[in-house]
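> no sequence on hand, only this structure:
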Ligand code: AMP
């Protein structure tokens, strides 16, 4: 299997779909948001810069993001494909990514564009909680996305936490950043004929649609 890139506005359910895909296809889920949040915990200059940019709802610099991603892609679990969640976020990253792929002798794979209405995304942000250990995503407002036990992850039993950037103010900024910087990628990948559009509705239905696209690929 090649790689799968998931592009979507904030709170479109990228993380949830990525987790389901990696379980089904047994390939790693690489979220640049997770890589950055992890690096933000380190008490060094880089960690400080990342923390500030995350809280401001801005994109973290391409240099830092690409450095963390390249490091991750060289790990052997990426040899049979992977799911990229949250990357690339702009055209510059897409171009730099192709250079990394060439260096690592990997193919581009396919791009799934997960679309969602802004109002629904906003509602998802308000109630979203994630597992601090396995990154599974739940929602305290949306009934079908609640964890079985309040505050506890169904998958690994760890504590559920609210992301510091999951508030309406940061969401609005992240959404604007998405429209300005990330949306142009849709045309970019459409021209390369690797883009597939999926409407993010109910979790299972969206997943079935993605799987049917993947099953239709020659190289799976
Ligand atoms: P996410 O977990 O994908 O919602 O990303 C959370 C935050 O991490 C974003 O608002 C950005 O600040 C940062 N981030 C994630 N991926 C990238 C990326 N590819 N380039 C720059 N910043 C990123």
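Looks like it came in fine. Please read these numbers as outputs of a predicted model, since none were measured by experiment.

> next up, the contacts around the residue nearest the centre of the chain.
The chain has residue 85 as the residue nearest its centroid, 2.6 Å off, counting by C-alpha atoms, centre = their mean. The contact partners of residue 85, taken as C-beta atoms under 8 Å, 6 or more residues apart in numbering, are 6, 14-15, 18, 29-33. All C-beta atoms are positioned from the backbone trio N, CA, C, and that covers glycine.

> switch to 7 Å and redo it
6, 14-15, 18, 29-31 (C-beta atoms under 7 Å, 6 or more residues apart in numbering).

> can you narrow the residues you listed to ones near the ligand?
Among those, the residues within reach of the ligand (C-beta under 6 Å from any ligand atom) are residue 31.

> beta partners for the residue nearest to the centre of the chain?
Beta-bridge pairing for residue 85 (DSSP bridges): residue 6, residue 31.

> please list the residues of this protein that sit near the ligand.
Contacts of the chain with the ligand, taken as C-beta under 6 Å from any ligand atom, map to 10, 31-33, 36, 53-54, 57-60, 65, 86-87, 89, 93, 174.

> could you rerun that using 8 Å?
Residues of the chain found near the ligand (C-beta under 8 Å from any ligand atom) are 10-11, 14-15, 31-37, 53-54, 56-62, 65, 69, 85-90, 93, 163, 165, 170, 174, 177.

> pull out the buried residues from these.
Burial by neighbour count, judged by 16 or more other C-beta atoms under 10 Å, picks out 10-11, 14-15, 31-37, 53-54, 57, 59-60, 65, 69, 85-90, 93, 163, 165, 170, 174, 177 from the residues of the chain next to the ligand.

> state the pLDDT value of residue 142.
Residue 142 carries a pLDDT value of 87.

> all further residue positions should be reported with the first residue as 7.
New numbering, starting at 7: the last item is residue 148.

> still on that earlier bit, by pLDDT, give me the weakest of the contacts of residue 91.
Least confident entry in the contacts of residue 91, by pLDDT: residue 21, with 85.

> ok, that one touching residue 143?
Yes. Under the criterion of C-beta atoms under 7 Å, residue 21 makes contact with residue 143 at 4.9 Å.

> among the residues of the chain next to the ligand, which lie within helices?
Among the residues of the chain next to the ligand, the members falling in helices (DSSP state H) are 20-21, 38-43, 59-60, 68, 71, 75, 99, 176, 180, 183.

> which helix or which strand is home to residue 119?
Using DSSP states H and E, residue 119 sits within strand 116-121.

> ok, residue 135 next?
Taking DSSP H and E as the criterion, residue 135 maps to strand 134-137.

> what lines up beside that strand in the sheet?
Counting by DSSP bridges, the strands paired with strand 134-137 are strand 143-145 (antiparallel), strand 166-167 (antiparallel).

> mean pLDDT lowest where, among these?
Among the strands paired with strand 134-137, strand 143-145 scores lowest, at a mean of 91.

> and that one, how far out from the chain middle?
14 Å (C-alpha atoms, centre = their mean, to the nearest Å).

> which of the residues in it are buried?
Using 16+ other C-beta under 10 Å as the test for burial, strand 143-145 gives 143-145.

> so which of those is the closest to the ligand?
residue 143 (10.2 Å; C-beta to the nearest ligand atom).
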